[in-house]
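[1] please find the sequence and the predicted model below.
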Amino acid sequence: MKQFGVYLLFLSKLFVQRERLKTYIQLTLEECVYIGVNSIFLVGIVSTFIGAVTCIQTSYNLVSDFIANSVVGLIVRDMTILELAPTIISIVLAGKVGSNIAGNLGSMRITEQIDALEVMGINSISYLILPKILAAMITFPMLVVIAAFLSMLGGYVAGTLSGALTPAEFIEGSRMLFVPYNVTFMIIKAVVFGFLVSSISAFQGYFTSGGAFEVGQSSTKAVTASCIAILLADYILAQLLLDHK
């Protein structure tokens, strides 16, 4: 509980003694490139194979004359939108983005760069971390949308090439009983996960003490805590948003 209280106090300092808006815009755009653009390749590879494997395994288990092949497309679509794209991709990004954020801030802490900012009268928490959080909340939904599309595409290609179902059956299933609210739910999850990954990783890195070994420990703690927070938030959001849609 003490650690959680320190984390809340840490977040409260994000909006104290802020710099000019122009400064944050520039820093946020740079972080968007660092977090978002540099992660597209990894997201593309992971999401494509997730969709392909989901389609193959679903078609393997749905062996019945009473179940149409088009149901495979429906299952791939709903699993991708509701869970696989936002949650799995966010966990992958926690390993890549979260560890980098914690490592960079930890290195700045042990080399006294953060202390230098404080001496100059700059709120280091707001200056260094607020752009990272904003960038993560902007780019995570974009990456999740890309992941959802590529996952569906991967399922389509794998399903048709393997002969599990025809292209028409997959498209028919992907259109069947579509609920537009599920896309909104996916975006909300991505925004929340982006905030959790960036803020928790920044928190771990910012309070690093010691040397290079402790920087590595902070990165490990950041990834672990981010993954746990994502799974916990995933459950809470499902309870809050799906039960009352």
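    Nice, thanks for sending it over. Treat the numbers as computed from the prediction; the structure is a model and nothing was measured.

[2] contacts and neighbour counts: CA atoms only from here.
    Will do.

[3] for the residue nearest the centre of the chain, which non-adjacent residue is closest in space?
    Nearest to the mean C-alpha position of the chain, counting by Cα atoms, centre = their mean, stands residue 90 at 2.6 Å. Sequence neighbours aside, residue 193 is the residue nearest to residue 90 in space, at 6.5 Å (criterion: Cα to Cα, 6 or more residues apart in numbering).

[4] run the chain-centre distance for the host helix or strand of that neighbour.
    Taking DSSP states H and E as the definition, one finds residue 193 inside helix 181-206. Relative to its chain's centre, helix 181-206 lies at 6 Å (Cα atoms, centre = their mean, to the nearest Å).

[5] counting contacts, what elements does that helix pack onto?
    Helices and strands touching helix 181-206, by 3 or more Cα pairs under 8 Å, 6 or more residues apart in numbering; DSSP states H and E, are helix 2-12, helix 89-93, helix 99-110, helix 124-161, helix 212-237.

[6] and the angle from it to helix 99-110?
    20 degrees (axes from the mean of the first three to the mean of the last three Cα atoms, to 10 degrees).

[7] re the thing from before, mean pLDDT for the helices and strands packed on helix 181-206: which is lowest?
    Comparing mean pLDDT across the helices and strands packed on helix 181-206, the lowest value falls on helix 2-12: a mean of 81.

[8] who are the packing partners of it?
    helix 181-206.

[9] just the CA coordinates of stretch 139-153, formatted as CSV?
    This file holds the C-alpha atoms of stretch 139-153, laid out as CSV (Å, rounded to 0.1, in the frame of the first residue of the first chain):
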residue,chain,number,x,y,z
THR,A,139,-0.2,5.4,-29.9
PHE,A,140,-1.5,2.3,-28.0
PRO,A,141,-5.0,2.6,-29.5
MET,A,142,-3.5,3.1,-33.0
LEU,A,143,-1.3,0.0,-32.6
VAL,A,144,-4.2,-2.0,-31.3
VAL,A,145,-6.3,-1.1,-34.3
ILE,A,146,-3.5,-2.1,-36.6
ALA,A,147,-3.1,-5.3,-34.7
ALA,A,148,-6.8,-6.1,-34.9
PHE,A,149,-6.7,-5.6,-38.7
LEU,A,150,-3.6,-7.7,-39.2
SER,A,151,-4.9,-10.4,-36.9
MET,A,152,-8.1,-10.7,-39.0
LEU,A,153,-6.0,-10.7,-42.1
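
[10] buried sites along that stretch?
    For stretch 139-153, burial by neighbour count (16 or more other Cα atoms under 10 Å) applies to 139-153.

[11] may I ask which two of these are separated the most?
    Checked with Cα to Cα, the buried residues of stretch 139-153 reach their widest spread between 139 and 153, with 21.0 Å between them.

[12] for the residue nearest to the centre of the chain, which residues are in contact?
    By Cα atoms under 8 Å, 6 or more residues apart in numbering, the contact list for residue 90 reads 140, 190, 193, 194, 230.

[13] skipping adjacent residues, who's closest to residue 77 in space?
    residue 174 (5.8 Å).

[14] how about the contacts of residue 90 in TSV, adding distance to residue 109?
    Formatted as TSV, those follow (distance: Cα to Cα, whole Å):
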residue	distance to residue 109
140	26
190	29
193	25
194	23
230	26
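
[15] from those residues, which is closest to residue 118?
    Distances from residue 118 to these, taken by Cα to Cα, are shortest for residue 194, at 26.8 Å.
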